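Quick one: sequence and predicted model below, then my questions.
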Amino acid sequence: QVQLVESGGGLVQTGGSLRLSCAASGRTFSDYSLAWFRQAPGKEREFVAMMPWTSSVTTYAESVKGRFTIARNNAENTASLQMSSLKPEDTAIYYCAMYSLGRYDSAKDWKYWGQGTQVTVSS
């Protein structure tokens, strides 16, 4: 049984920064790809960033490229998402996901999910 627990969300002003964390347990963390998704009210869950288990090459959604950075610490079974230059449109619940079964940018293709952490960016 895999458990993912996100933390670090909160309220921040436009242009501010936040660092989200994801703590994993139950599986060998380094064997699996991981990703961050987000879901705004009334919208579908969308891809934000991912890092495969095979390398440190990262992939980002165009909307966050250059502002967000995904990282992982396999020794501590943790992942992070450093977010800077935040905009009101970044407001959403952010989810950590592990173990891609198909397309990395499709929420339905990820097997394990955390409960999410709320990020609110005020204008």
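Thanks, I have it. Numbers count the residues shown, from 1 in each chain.

what sits against N77?
By Cβ atoms under 8 Å, 6 or more residues apart in numbering, the contact list for N77 reads A23, A24, S25, F29. All C-beta spots, glycine's among them, are computed from the backbone N, C-alpha and C.

just the buried members of the residues you listed?
When burial is judged by neighbour count using 16 or more other Cβ atoms under 10 Å, the buried members of the contacts of N77 are A23, A24, F29.

Just want the most central residue of the protein.
Closest to where the C-alpha atoms of the chain average out (Cα atoms, centre = their mean) is W36, at 2.1 Å.

Looking at strand pairing, list the partners for it.
On the basis of DSSP bridges, W36 is bridged to A49, C96.

Just to check, it is in contact with R45?
No - with contacts counted by Cβ atoms under 8 Å, W36 stays clear of R45, the gap being 10.7 Å.

Between the two, which contacts overlap?
When contacts are counted by Cβ under 8 Å, 6+ apart, W36 and R45 have Y95 as shared neighbours.
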